[in-house]
Structure formats: structure tokens, C-alpha cells
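A predicted structure for the sequence below; I have some questions about it.
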Amino acid sequence: MIINIALITGGIWHEAPYLFLKKNKVNLVLFDDNKNCYLGKKYNLKPIETKKISNNKYNNFFFWSPTNDFGSTLADLRNKKNFRLRIKKLYNGKFDKTKIFKNKIKKISKNKKYLLKPKNGSGSRGISFWNYKKFNKQKYFIEEYIDGIELSIEVISFVGKHNILNISLRLLDDYKSAIAIISILKLKNKKKILNQITKKLNQVGIINGISHLECKINKKDDLFFFDINLRAGGFGVTDLMLNSMYKINLYEYDFKILINQVKFLSLKLIEKKIFFLVYNNYQNNHFKKKLNEIDSTFKYKKLKFNKKNFNDDENDANRTELLFGHCKDFYQLKKIFFKLLRKKKFDLFYKQYKKLSC
């Protein structure tokens, strides 16, 4: 274990990584431009502004940011001399998704829908359907909207070898944010889907650590990737879902890969169950019951939400509570979601999950 570590950003989904580091008694500094960030307030830490990250006094530090897009890119820039990197190449000193997806729409069609997306964004923030009007091309790009079922994919990589940890259905609120993420225990046409994921990871140049991908799947099981992140999934995807599936701290595994303490990739799925995460959003009307009334054996968590910051019905930052549970088969899953979801969303869930699952 190295003793000098810089954790980049102190949000709630870095609490589990922070506790892992604290348990190992490392010398830790926290970088975050928000003085009142979650970790800073809860653990009485004094975050350092990210503009000071290049200071020479941190030259012997390992920089780590397992669940933050901005932080993981900064970490790669600082770690490039001494530690393993998440990706082979950064464009203009950052992970530029517009380069990765080769976003060149040659001809606009009024018969198609397009999304207007910020170049530096996460958590569904700032995404909207494009109204065909001029926009700031320095800040935004357009992407063709692909109809289909949406998937969430979690991967861990080691020197270019990829272990696909989990593939889940993302049951959408409308078209951006998920109200549920449900693991697919038995995936139809699995070989074709896994080959496409591996091909995309190699194309992007991801080589080490955890990655989180989102894509659409069409009727022919072709994948259309629209979001790739050099980090673990947040909102319980890693802390609760993946760590329960594999009975291992995936953050610790990510950490050890990047600091050169892993010699080969070896992970085995332990819990062969259907795991699910359900999210309630501010002004959400998709549920019959409150999440904490569904089943007392499930894990329930109240999420911090500030009404003053609300400006978008469909935004991950507007999530108010989380429910995590598991069941042994689709029959049990169907019963749980029938109790939980209103008819329109239940019918959508049933149709999509049946399409994906054997």
C-alpha cells in the first residue's frame, strides 16, 4: 500500500472509497472545488481546489477518482509517469467523448430526433432534445436519438483485458434518467453482445480499472453506445449491486490495479441473483407505493436533495431516495415491480426485461 493518496472530489459516492483508504491509514488529501462537499463536511476534511492539483508537492502522490468523470481524467494526467492509466490517450488533456463517438452528423434530417448534450456533463444534466436552432459548438454537441432499450454495463479492465461484470436494464423515467437499474441474470444472444462491448472498449482505448458504459440495443441486438465513463457507476451501482454480486470491494480492486498491485485479472460472480436499484425523483409519479414500504429486507437510503437547485424533471441529481434488493428469478422480480410500479411503467419494464432475458 502506498501512503500518499489524493482523492479527487468529495461527493457522497466517494464515501466508500474514502473509508477504504482511511481503514488502511494512508496519508490522504482531498481535492474538491466545493468547500462544503459531502466528505469534507462529514469527516471534517479541508478540500483543496483542483487548480492546485499540479503543485510539485503532490508529485509523489497517487491520484484516484473512482466514481467521477472529471476526477478520473485529472488522475490519469497526474499518474501518467508512475502508475497504470485508465485509458491510452486523452484528447487535449481530457477525456473527450465527442472524439470517441466520432460525432459527425453529415446531414440533418427533420424526420429524426437529435439530443443536444453538453461536452462536459454527467448525471443526465443539461441534455435535451435539439430544437434545430443554433447552439454553442464549444459547449454542446448533437447526437442522433436512437430508439431502443437502454443498457448499463459495468466493466473492469487490466492491461487491456476486459472483464464484463454486469449488464443491466435501465428503466427510464422518460428518455434520460433511470428510475430503475435491473441486472440481467440470463442475457439473450450474450456472445454477440459481449463481443460488441469488448470491441468498443478496445476502440476507445480503455486499458485499466473500472468503466461504466451506457448504450441502446435494437431488435437485432446491435448496440449503439452513447455514454462511456472512465469510472465506476454511482448511485449504488458499485457500492451495493456489484459488491454484492462479487462479494468483493470493487473500489479496492480498481485501486490495486492502478497502483500496480494486481498481476492478473480474476473475478468470479458469487451471487447469481437478479439485483435491482430503484430511484425516486423529485416530482416523480411512477410508483404506487413509497420505496421504504415495499419490503423491509431491502436496503433503503434517503438521498440528499435540494429543492432550490431543481430545474429539470429528469436529472440524476434530483433523486430523493434509493431502494436496493434482489430476488432469485424473473417470477419474483415481476411480483416486486408489480407492487411498486404504476401500470404504464410496469408494462414497459415487463416488455423490455422479457426481450433481454432468456
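On my side now, so go ahead.

tell me the helix or strand right after the helix or strand containing Lys335.
Element membership for Lys335 (DSSP states H and E) is helix 330-340. Downstream of helix 330-340, the first helix or strand assigned by DSSP H and E is helix 343-356.

what are the contacting residues of that following helix?
Here helix 343-356 makes contact (C-beta atoms under 8 Å, 6 or more residues apart in numbering) with 149, 151, 169, 171, 179-180, 182, 184, 187-188, 217, 286, 330, 333-334, 337-338, 340-341. For every residue, glycine as well, the C-beta is placed using N, CA and C.

7 Å instead, please
With C-beta atoms under 7 Å, 6 or more residues apart in numbering as the contact definition, helix 343-356 has outside contacts at Ile149, Leu169, Leu171, Ile182, Ile184, Leu187, Lys188, His286, Lys334, Phe337, Phe338, Leu341.

could you dump it to PDB, C-alpha only?
C-alpha atoms of helix 343-356 as PDB (Å, rounded to 0.1, in the frame of the first residue of the first chain):
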ATOM      1  CA  LYS A 343     -49.300   0.200 -14.900                       C
ATOM      2  CA  LYS A 344     -47.700   2.100 -17.700                       C
ATOM      3  CA  LYS A 345     -44.200   1.700 -16.300                       C
ATOM      4  CA  PHE A 346     -44.800  -1.900 -15.200                       C
ATOM      5  CA  ASP A 347     -45.800  -2.800 -18.700                       C
ATOM      6  CA  LEU A 348     -42.700  -1.100 -20.100                       C
ATOM      7  CA  PHE A 349     -40.500  -2.900 -17.600                       C
ATOM      8  CA  TYR A 350     -42.100  -6.300 -18.400                       C
ATOM      9  CA  LYS A 351     -41.800  -5.900 -22.100                       C
ATOM     10  CA  GLN A 352     -38.100  -4.700 -22.000                       C
ATOM     11  CA  TYR A 353     -36.900  -7.200 -19.500                       C
ATOM     12  CA  LYS A 354     -38.500 -10.200 -21.300                       C
ATOM     13  CA  LYS A 355     -36.900  -9.000 -24.600                       C
ATOM     14  CA  LEU A 356     -33.400  -9.100 -23.000                       C
END
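
tilt between it and helix 330-340?
160 degrees (axes from the mean of the first three to the mean of the last three C-alpha atoms, to 10 degrees).

how about helix 343-356, which residues are buried there?
Neighbour-count burial for helix 343-356 flags Lys345, Phe346, Phe349, Tyr350, Gln352, Tyr353, Leu356 (criterion: 16 or more other C-beta atoms under 10 Å).

likewise for stretch 274-289?
Ile274, Phe275, Phe276, Leu277, Val278, Tyr279, Asn280, Asn281, Tyr282, Asn284, His286, Phe287.

now that stretch: average pLDDT?
Mean pLDDT, stretch 274-289: 91.

from Gly160, how far off is the nearest residue to Lys112 once chain neighbours are set aside?
In space, and not counting its chain neighbours, Lys112 is closest to Glu144: 6.0 Å by C-beta to C-beta, 6 or more residues apart in numbering. Separation of Glu144 from Gly160 (C-beta to C-beta, to the nearest Å): 30 Å.

so between the two, which is more surrounded?
Higher neighbour count among Glu144 and Gly160: Glu144, with 15 against 12, using other C-beta atoms under 10 Å.

give the phi and psi angles for the residue nearest to Lys112, as a check.
Per-residue torsions, Glu144: phi -60, psi 130 (degrees, to the nearest 10).

want to try JSON lines for the buried residues of helix 343-356, with distance to Pro47 and pLDDT as columns?
Formatted as JSON lines, those follow (distance: C-beta to C-beta, whole Å; pLDDT from 0 to 100):
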{"residue": "Lys345", "distance to Pro47": "39", "pLDDT": "96"}
{"residue": "Phe346", "distance to Pro47": "43", "pLDDT": "97"}
{"residue": "Phe349", "distance to Pro47": "40", "pLDDT": "97"}
{"residue": "Tyr350", "distance to Pro47": "45", "pLDDT": "97"}
{"residue": "Gln352", "distance to Pro47": "41", "pLDDT": "97"}
{"residue": "Tyr353", "distance to Pro47": "41", "pLDDT": "97"}
{"residue": "Leu356", "distance to Pro47": "41", "pLDDT": "97"}
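
tell me which of those is nearest to Gln203?
Set against Gln203, the nearest of the buried residues of helix 343-356 by C-beta to C-beta is Leu356 (23.5 Å).

so Ile12 versus Lys302, what's the distance?
From Ile12 to Lys302 the distance is 11 Å (C-beta to C-beta).

tell me which of those two has more neighbours.
Between Ile12 and Lys302, counting by other C-beta under 10 Å, Ile12 is the more crowded of the two (17 against 11).

ok, now how distant is the residue nearest to that one when sequence neighbours are not counted from Phe83?
Closest residue to Ile12 apart from its sequence neighbours, by C-beta to C-beta, 6+ apart: Tyr38 at 4.6 Å. In this view, Tyr38 and Phe83 are 26 Å apart by C-beta to C-beta.

for the chain, give me the ranges with low pLDDT.
The chain contains residues with pLDDT under 70 at 1, 98-106, 119-126, 131, 308-313.
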